[in-house]
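> what's the 3D shape of this:
(4 chains)
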Amino acid sequence: MNPVNYLYLAALLFTIGATGVLIRRNAIVVFMCIELMLNACNLAFVTFSRMHGNLDGQIIAFFTMVVAAAEVVVGLAIIVSLFRTRHSASVDDASLMKL
Amino acid sequence: MENLIALLIAAPLLGAAVLLVGGRRLDRVGHWIGTLLSFVSFVIGLALFADLLGKSTEHRTMTQHLWTWISVGSFHADVTFRLDQLSMTFVLLITGVGSLIHLYSVGYMEHDERRRRFFGYLNLFLAAMLLLVLADNYLLLYVGWEGVGLASYLLIGFWQHKPSAATAAKKAFLVNRVGDMGLSIAIMLMFATFGTFAFGPVLSHAGDTSQGKLTAIGLMLLLAACGKSAQVPLQSWLGDAMEGPTPVSALIHAATMVTAGVYLIVRSGAIFNAAPDAQLAVTVVGAVTLLFGAIVGCAKDDIKKALAGSTMSQIGYMVLAAGLGPIGYVFAIMHLVTHGFFKAGLFLGAGSVMHGMNDEVDMRRYGGLRKYMPITFITFGLGYLAIIGFPFLSGFYSKDKIIEAAFAKGGTEGWILGGVALLGAAITAFYMTRVMLMTFFGEERWRNAPTPSPAEPSVEPAAETRGEHTEPHPHESPKVMTIPMIVLAVGSVACGFFFNLGDRFLHWLEPVTGHSEGHSPVSTWTVTGATLVCLVIGVGIAWAQYGRKPVPAVAPRGSLLTRAARRDLLQDDFNHVVLVRGGEHLTRSLVYVDHTLVDGVVNGTAAGFGGLSGRLRRIQNGFARSYAVSMFGGAALLVAATLLMRAV
Amino acid sequence: MTTQLAAYTTSTGEAFQFWVLGTVAVIGALCTVFMKKAVHSALCLAGTMIVLAVFYLANGAYFLGVVQIVVYTGAIMMLFLFVVMLVGVTAADSLKETIKGQRWLALLCGVGFGVLLFAGLGNASLKEFAGTGQANANGNVEGLASLIFTKYVFAFEITGALLITAAVGAMVLTHRERTERAKTQRELAEQRVREGKYVPPLPAPGVYARHNAVDIAGLLPDGTPSELTVSKTLRERGQIRDVSAEALNDLRALEQRAQERLERAAIEPATFKRPEEASK
Amino acid sequence: MSFPLLTATAALPAVGAVATAAVPAARRTAAKWLALLVSLATLALAITVLVRFEPGGARYQLTESHAWIKNFGVRYELGVDGIAVALIALTAVLIPFIILAGWHDADPLETGSRRWRPTQGFFALILAVEAMVLISFESTDVFLFYIFFEAMLIPMYFLIGGFGDRAHAQGEEAAATQRSYAAVKFLLYNLVGGLLMLAAVIGLYVVAGNFSLQEIAQARANGSLHMATSTERWLFLGFFFAFAVKAPLWPLHTWLPNAMQESTAPVAVLITAVVDKVGTFAMLRFCLQLFPQASKWATPVILVLALISIVYGALLAVGQRDIKRLVAYASISHFGFIIMGIFAMTSQGQSGATLYMVNHGISTAAWMLVAGFLISRRGSRLIADYGGVQKVAPVLAGTFLIGGLATLSLPGLAPFVSEFLVLVGTFTRYPAIGIIATFGIVLAALYALVLYQRTMTGPVKPEVSAMPDLRARELVVVAPLIVLLIFLGVYPKPVTDIVNPAVKQTMSDVHKTDPKPSVEAAK
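Residues are numbered from 1 along each chain as shown, chains lettered A, B, ... in the order given. This is a model prediction of the structure:
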């Protein structure tokens, strides 16, 4: 088998994640989908690093993970405060620029 | 002496200004001020007349230049007055009859709380009319021309609370405006042709230009004359004009203003002499109106409208005469003057009758009034005899001359016109006798007068004035009213004979109008005989119809012609259907067009932008996810783009 | 030569592993998207991530594989679960679309994007795989470390700063500022008395302690459940179970049996209905 | 460097506007008096201009010239010819009457209405408009003219949108919406026109290299500045469109009825009698001087449009149910006459047109202001709501009739002279058009008299039975206007003497001479 399939898989996962972001209303699930997309990217990077035979791809993936972690922390915090204020985690409820 | 000319106009103008601006504090003396000033003007006229008589024939034209009115490039209009025999005649007629009618109005309008204003308007009219006849150029004449139009508008609509009066006034002004349009176009033509519109140059150079232009000018002048003198096809306003107080009808719509058209034609004689086609048109208009008015006069039961019809037809005589050219000018003016006397007298008589019959105008509710108001009866009778052309009364002379002149035109035209004139004489005799009989003879139909039956549509707008049906108590009018009637009666008896004595009038007017003896195919005596025969026939028929058998108090349905004549030969209906209705539809549709089309384009554009932005706004719905979709779509497009770039 | 060939393709074992676990990963991803309950989504996502970790290992990124499991599946997903709990485990959000045309647009874009990516990959000439042989010659971790602390040292420092900032930010966001001093027990009691309602402590939930009483409203004397008895959070999540009818019917049956034993006439042989049914 | 009279004339009302606006809200009456005094002082200055101007002297007199924007050769250049002087006098005369007529229009409404009416603002805006109108009459620099030609819109917008009639049929809210609609329409129409003009102004600069009217006109005359035919036509169209919108020419007229209908009578007078005159004036000064060839090229079309305006406006006036709309359409018809006179390219036509601007200003002012008094009494603009007023308020009715008669250009009143001059001037060159235009006078009689008949005559309507007659203030407004109408009607020489030389020069700009009569009868 050709390792290119990893890339195809990554693409597939990324697309699924993106679609999920678009069709789910629950902020948490949306977030999970974003994570999914990030992971897909990571997979791609790792595969690339294998392709080129150096570790830079892995480094990038590593950084991605860190950033993702930070992002999740902040994002979840936002979700929690949102939930506190309007007692729902639906992204559609936050359709106005005010509470 | 010339400087007096301006005073002729100034006096009544001053009166008008004082009375109209003065306000209520003048209510008690206003009418006397007006009368006084008109008499002043009359006296000045007499003085000037004496002065003129003193001069030799060729020096009988005075001019007075006041100031330059308009001067732009070659366009030059002066305020200059010209007093010659023709205008002198008019001045005397206007101021004389005018003053008498002022006097009469003092009594007639006694119980009207707006009498002061009435006299103000009368004075205004005198001023405008004098300006009309004294002007030295057509533009200044135009000022007077519209001025009298304004005065008659104000006076016809004097009882403005009556919608019919207001409507009649508006109608009169509008129809006159159509005529004025003709006059203004004529003036423009003159300016374009001669570079001026002053009487002197235009009339002296009339021959120098092309036939077509002259004909055009002539026809435009004729249109103007038709409007002012109530000639077919612009005659429809005169009948309604009877809505005004009777003195107004006597002064404006019988004696003076309506004859302005004749003045215009005679004054522009030089142009018409050079344009035979225009002349022919004038004669045709005159002849048609002559018959038209006479027929209408036969059918009316409203005494004033009957007289209005007769006015129309008499002016038809004058216009006919004026159209005959140098043969007829003098006689046109002569008939104008005599008509001024007797028609004014007749109207004043009618007014006196109405005065005594608490404003009843329907002759079918008169009858047997001769013993109640003898003076009115006598004066009215004399006027009657004069108008039907009873031998040796004024109408006899002037009308005969016109008939002769008509025959003298020669050719088939001559025969036709003469015949029409004769026929007109017969009809005149008929309807005037009818009026006479219905009013002063027969049994007294005004006792327990029945209410008008709704079956017969009363076309005379005076209908609602016969409000209460208290039985009238006919009585003679006060002196202040009868004296003018007497004077006018004397005039209508005498002036014809006086004028004709040694062709005075002819020689007086000849230098201005020019005169040529037409050779008539039939001898003078034949014409006279024929006229008298027609007269007798007319009177006889009338007697057979209204003298012998009693007059029904309610008008019988009558023949088709009668009914048509009652409705002014359907001319009003024609106007209503074609002009009024058509105009209403036109304006209404235009308003619609303006709102939907012209304005719609603008509003449409605006609405288009509004809708577009509204639709665009809907995309910004605030949902993070739909924004995400667009972002994602955008990303997809970017990928596609890069791929394409790679592929290319 | 042979090494290069080896670099081209992978071992059948890896191929087998790819196909099996890849399927699992895709299914997991799909479930993540389509599960009604956030908890389930989270679990599926965790599964997918583990699979991905395996793939990292297979691709020679040993360090990342471990990190993936430890950090992601271990820490982040747990964070998710915490939040889910906070928001409400059992709250199932409907997948019914509310924004007009959103779903179709989303699917269209997704499919289009996927197709494009695949096309791109297809066109790209990705035949040569150098393999991570030399790169990992002296240990994957050492390799990464040397890169991180030499070539990417600045990025590394900045990411550290980012992490700190994120942590602080999270605290700021979630920490609710107390504007007034918290009321003491005594003050609360006095306030209750002053207001004059519920002077005694709130009634306890549960009916005769027959159920796990926390989410079951206690019954008022007339048999209707009283919201007061359930804790505020549950009330807001709408997770109150109303079992009043069963409870009362049981009671009824109990009394009847008692009467039969005592030979007394039934007072009224009626069975209670749930309030809403009764109202129907 | 003599005393800058023209600058002073335009600056005084501007300063006055600021001062009036600065009067504290409580001192309402003080503001009114201040505005009135300023307008009267401006009138005095305008009269000095009139005196200092000697007819037949240099074409532009009392000139001032200062560099303004050097990079673009924009100069602050003022100067008046006869036409401008006449219109300056008209403006200065009318403004005091407008202020006096609108004395109470901006008073705060009685309790219950939520609209705040800044009295000071009203009068300040009027003065501002006067200042801008005056300076656009005076400026001989195209750019300077353009600036104030456009700036005029701002105060006008607020005057139209901010102050409506006291009472309104459909109540306060509906009135407010309609007002804002009218105001926005006015603004947009004129802005579009101004935009095209701006393009043309820039184009002119590109071609000519400076903005000075005199220099360009001279260069055009002595051929040192040559424009390609197409360029000249485009520039001409750019200018003309703006002016045709301002002086509403069919089919660009629809803003005027709305604007006049919704604004108070004095503001309506301000629009039609003062502001719109800038449009016709500018046609005469800029279009003809800067683009003579193109003007001649466009003449047939413009004449036809003017003809349509005359007949169309009159017909629509007949069809109106709203007094103010009727007056507005009448004005459209009159503007048709003015434009026709300008482009007839005869001395009678152009002198008549200029005279017409003055007379139409006065007559419309008289007619519209009396109509405004009438409306303010009954609180309705609908003709159908009136009847028999003549019985209860004879003076009001009389003045209204005189205004109407002036509008239908009765001889003896001022408008007749100008209208006849325009007709003659047109007739001598284009007989057919002249004759058709003559129908306009019949239609004018129709709408004027129908309006008078429906409102003033007939049985007294119960609503108007208690209507008071004209008050002293209102008489002070109307009487002088009527006197002026009569005076200029019988003795228009003062105006014509001033106007004629300027017209002669304009005629020579377009290389046109009056057609000669076929017979030289005049001695």
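
> per-residue pLDDT, the residue in chain A positioned nearest to chain B?
Going by C-beta to the nearest C-beta, chain B is nearest to A:Ser95 of chain A, at 3.9 Å. (C-beta placed from N, C-alpha, C; glycine too.) Predicted confidence (pLDDT) at A:Ser95: the value is 76.

> got it, and D:Gly112?
Reported pLDDT for D:Gly112: 47.

> how about whichever residue of the stretch 201-350 of chain B sits closest to chain C, what does it touch?
Residue nearest to chain C within the stretch 201-350 of chain B: B:Ser236 (69.7 Å; C-beta to the nearest C-beta). Contact analysis of B:Ser236 by C-beta atoms under 8 Å, 6 or more residues apart in numbering or on different chains lists B:171, B:175, B:568, B:571-572, B:575.

> and with 10 Å instead?
B:171-172, B:175, B:230, B:568-569, B:571-572, B:574-576, B:579 (C-beta atoms under 10 Å, 6 or more residues apart in numbering or on different chains).

> sorry, back to before: please identify the nearest residue in space to the residue of chain A closest to chain B, excluding sequence neighbours.
B:Gly622 (3.9 Å; C-beta to C-beta, 6 or more residues apart in numbering or on different chains).

> Then D:Thr272?
D:Ser331 (4.6 Å).

> Distance-wise, check that neighbour relative to chain A.
D:Ser331 is 50 Å from chain A, where distance means C-beta to the nearest C-beta, to the nearest Å.

> my read: that residue touches D:His253, true?
Yes: D:Ser331 lies in contact with D:His253 (C-beta atoms under 10 Å); the separation is 9.2 Å.

> By residue count, which helix of the chain is the longest?
The chain I'm using is chain A. helix A:56-86 (DSSP state H).

> actually chain B
For chain B, the helix with the greatest residue count under DSSP H is helix B:163-194.

> and it, is it in reach of chain D?
Yes: if you take C-beta under 10 Å from any C-beta of the partner chain as the test, helix B:163-194 does meet chain D, through B:163-167, B:169-171, B:173-182, B:184-185, B:187-194.

> Just checking, which helix or strand of chain C averages the lowest pLDDT?
In chain C, the helix or strand scored least confidently by mean pLDDT, DSSP states H and E is helix C:2-8, which has a mean of 44.

> what element comes up after that helix heading to the C-terminus?
Next along the chain after helix C:2-8, taking DSSP states H and E as the criterion, comes helix C:12-34.

> so after that following helix, what's the next helix or strand?
Next along from helix C:12-34, by DSSP H and E: helix C:38-58.

> The closest residue to chain A within chain B: neighbour count?
Closest residue of chain B to chain A, C-beta to the nearest C-beta: B:Gly622 (3.9 Å). Look at B:Gly622: counted by other C-beta atoms under 10 Å in any protein chain shown, it has 11 neighbours.

> That one falls within a helix, correct?
No: B:Gly622 is assigned coil when assessed by DSSP: H, G, I helix; E, B strand; the rest coil, not a helix.

> helices or strands up against the longest helix of chain A?
In terms of contacts (3 or more C-beta pairs under 10 Å, 6 or more residues apart in numbering or on different chains; DSSP states H and E), helix A:56-86 is packed against helix A:27-52, helix C:62-67, helix C:77-87, helix C:140-150, helix C:153-174.

> mind redoing it with 6 Å?
helix A:27-52, helix C:77-87, helix C:153-174 (3 or more C-beta pairs under 6 Å, 6 or more residues apart in numbering or on different chains; DSSP states H and E).

> starting at the chain centroid, how far to that helix?
Relative to its chain's centre, helix A:56-86 lies at 9 Å (C-alpha atoms, centre = their mean, to the nearest Å).

> That helix: which residues count as buried?
A:56-66, A:68-80, A:82-83 (16 or more other C-beta atoms under 10 Å in any protein chain shown).

> Now the stretch 51-200 of chain C against chain A: closest residue?
Chain A sits closest to C:Ala130 of the stretch 51-200 of chain C, with a gap of 2.7 Å, by C-beta to the nearest C-beta.

> Got the phi and psi for the residue lying closest to B:Pro163 once chain neighbours are set aside?
Using C-beta to C-beta, 6+ apart and skipping residues adjacent in sequence, the residue nearest B:Pro163 is D:Gly458, 4.7 Å away. Main-chain torsions, D:Gly458, degrees, to the nearest 10: phi 80, psi -180.

> same thing with D:Trp68?
Dihedral angles for D:Trp68 - degrees, to the nearest 10 - are phi -120, psi -70.

> That one reaches D:Ser139, doesn't it?
No: contact between D:Trp68 and D:Ser139 fails when scored by C-beta atoms under 6 Å: they sit 11.0 Å apart.

> neighbour-wise, which of those two wins?
D:Ser139 (28 against 15).

> measure the more buried one to B:Met129 for me?
Remark: distance between D:Ser139 and B:Met129 (C-beta to C-beta, to the nearest Å) = 50 Å.

> Same question for D:Asp165.
Taken as C-beta to C-beta, the span from D:Asp165 to B:Met129 is 43 Å.

> So for those two, which residue has more residues nearby?
Counted by other C-beta under 10 Å, D:Asp165 and B:Met129 do not tie: B:Met129 has more neighbours, with 32 against 21.

> The more buried one: which element?
helix B:115-134.

> can you check C:Leu188 too?
Secondary structure from DSSP H and E places C:Leu188 in helix C:185-195.

> how's chain C carved up into domains?
C:1-90, C:140-173, C:204-279 (automatic domain parsing).

> what about the closest residue to B:Arg646 other than its chain neighbours, neighbour count?
Using C-beta to C-beta, 6+ apart and skipping the chain neighbours, the partner closest in space to B:Arg646 is C:Asn123 (6.9 Å). The tally of other residues near C:Asn123 (other C-beta under 10 Å) stands at 11.

> Next: B:Val639.
Count around B:Val639 with other C-beta under 10 Å applied: 17.

> Could you list which residues are in contact with it?
Taking C-beta atoms under 6 Å, 6 or more residues apart in numbering or on different chains, we find B:Val639 in contact with C:Leu116.

> Am I right that it is in a helix?
Yes: according to three-state DSSP, B:Val639 belongs to a helix.

> Report the mean confidence score over stretch C:14-27.
What stretch C:14-27 shows for mean pLDDT is 92.

> How about it and chain A, touching?
Yes: using C-beta under 6 Å from any C-beta of the partner chain, stretch C:14-27 reaches chain A at C:15, C:22.

> for that stretch, which positions count as buried?
C:17-18, C:21-22, C:25-26.

> pLDDT below threshold where in chain A?
Within chain A, the ranges that satisfy pLDDT under 70 run A:97-99.

> And for B:Arg114, nearest residue in space, chain neighbours not counted?
Of all residues not flanking B:Arg114 in the chain, B:Phe158 sits nearest, at 7.5 Å (C-beta to C-beta, 6+ apart).

> Pull up the per-residue confidence for the one you found.
Model confidence at B:Phe158, given as pLDDT, is 91.

> what kind of secondary structure is it in?
From three-state DSSP, the assignment for B:Phe158 is coil.

> what do you get for B:Ser477?
Under three-state DSSP, B:Ser477 comes out as coil.

> Spell out which residues of chain B are next to chain C.
So chain B meets chain C at B:623, B:626, B:629, B:632-633, B:636, B:639-640, B:643 (C-beta under 6 Å from any C-beta).

> Now render these as TSV, adding pLDDT and distance to C:Leu162.
Below are those laid out as TSV (pLDDT from 0 to 100; distance: C-beta to C-beta, whole Å):
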residue	pLDDT	distance to C:Leu162
B:Phe623	85	29
B:Ser626	87	30
B:Val629	90	29
B:Phe632	91	25
B:Gly633	90	30
B:Ala636	90	29
B:Val639	87	28
B:Ala640	90	33
B:Leu643	85	33
